[in-house]
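A.B. asks: heads up, no residue letters with this:
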Ligand code: PEP
């Protein structure tokens, strides 16, 4: 079954506006051939400007890295889904382990934000993944199953089809330690299996599941060649246009 392949960059809290626009232009310029989509997860402040430099390239899409849980009102400093939508963003990254660990986001809150994003006709990139102690205790499949069920399984089939899942083991994010291709494949197959149980084989075989955690030009090809790995969510390595270009060309 053909699935949409994606190389998504998560810039996190990096780049000034000028640097971000320059990076996005370079990525868009170098993204020419192939079927994989490229998604740039920029800081909120960069969304509208980055949209301007990528909009002529149909393969390059724009993502926010989060949204606030309320729709509007007296929430100083918060960014709503309507604000994000108005910049031309196509995707919103939700449930990133940094949001869960540093900002205390719960499965319930993430599920609510998933609904908000879908209600504005944007697509969520839903992140899940276990910390090291959970993997050491061999409870990683249980935890990831729980995150996926609580975050997504309230969705209708039609809405679930719009979601991209990113499996990001916490111990591999920003650490330089990458899950082995076998470890990634094992968890991706597991996620697809629980999706199949809930939504059926057809939908499970169609959902894009990205791997995230120290993806680099040197390991992308092997990771992306695994049966159930449909691309990557890339942090650090997405900040370098040349390196990210190499990752984009790893499918
Ligand atoms: C991420 O932030 O989603 C991520 C995977 O980061 P890195 O590639 O730097 O490990």
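C.D. replies: Sure, I can see it. All values reported here derive from a predicted model rather than from experimental measurement.

A.B. asks: hey, let's count contacts and neighbours off CA atoms from now on
C.D. replies: OK.

A.B. asks: The longest helix along the chain: which residues count as buried?
C.D. replies: For the chain, the helix reaching the highest residue count under DSSP state H is reported as helix 181-199. Of all the residues in helix 181-199, those buried under the rule 16 or more other CA atoms under 10 Å are 181, 184-195, 199.

A.B. asks: which one of these is nearest residue 37?
C.D. replies: For those, the residue nearest residue 37 by CA to CA is residue 188; the value is 19.3 Å.

A.B. asks: Skip the chain neighbours and tell me the closest residue to that closest one.
C.D. replies: residue 228 (5.6 Å; CA to CA, 6 or more residues apart in numbering).

A.B. asks: And residue 111, by the same measure?
C.D. replies: Using CA to CA, 6+ apart, the closest residue to residue 111 is residue 151 (4.4 Å).

A.B. asks: pretty sure that neighbour is in a helix, no?
C.D. replies: Yes: the assignment for residue 151 by DSSP: H, G, I helix; E, B strand; the rest coil puts it in a helix.

A.B. asks: That one contacts residue 113, doesn't it?
C.D. replies: No: contact criterion CA atoms under 8 Å: residue 151 and residue 113 do not qualify, at 9.3 Å.

A.B. asks: tell me which parts of this protein are close to the ligand?
C.D. replies: 10, 172-174, 212-215, 233-236 (CA under 6 Å from any ligand atom).

A.B. asks: Now render those residues as JSON lines, adding secondary structure and neighbour count.
C.D. replies: Compiled in JSON lines, the residues of the chain next to the ligand are given as follows (DSSP: H, G, I helix; E, B strand; the rest coil; neighbours: other CA atoms under 10 Å):
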{"residue": "10", "secondary structure": "strand", "neighbour count": "24"}
{"residue": "172", "secondary structure": "helix", "neighbour count": "19"}
{"residue": "173", "secondary structure": "coil", "neighbour count": "22"}
{"residue": "174", "secondary structure": "coil", "neighbour count": "16"}
{"residue": "212", "secondary structure": "strand", "neighbour count": "29"}
{"residue": "213", "secondary structure": "coil", "neighbour count": "26"}
{"residue": "214", "secondary structure": "coil", "neighbour count": "25"}
{"residue": "215", "secondary structure": "coil", "neighbour count": "29"}
{"residue": "233", "secondary structure": "strand", "neighbour count": "28"}
{"residue": "234", "secondary structure": "strand", "neighbour count": "28"}
{"residue": "235", "secondary structure": "coil", "neighbour count": "21"}
{"residue": "236", "secondary structure": "helix", "neighbour count": "21"}
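
A.B. asks: In those residues, find the pair that's most separated.
C.D. replies: Taking CA to CA, no two of the residues of the chain next to the ligand sit farther apart than 10 and 172, at 14.5 Å.

A.B. asks: Could you pull out the helices in the chain for me?
C.D. replies: Going by DSSP H, the chain shows helices at 17-30, 47-54, 81-86, 97-102, 107-119, 132-136, 140-152, 157-160, 181-199, 201-204, 217-224, 241-248.
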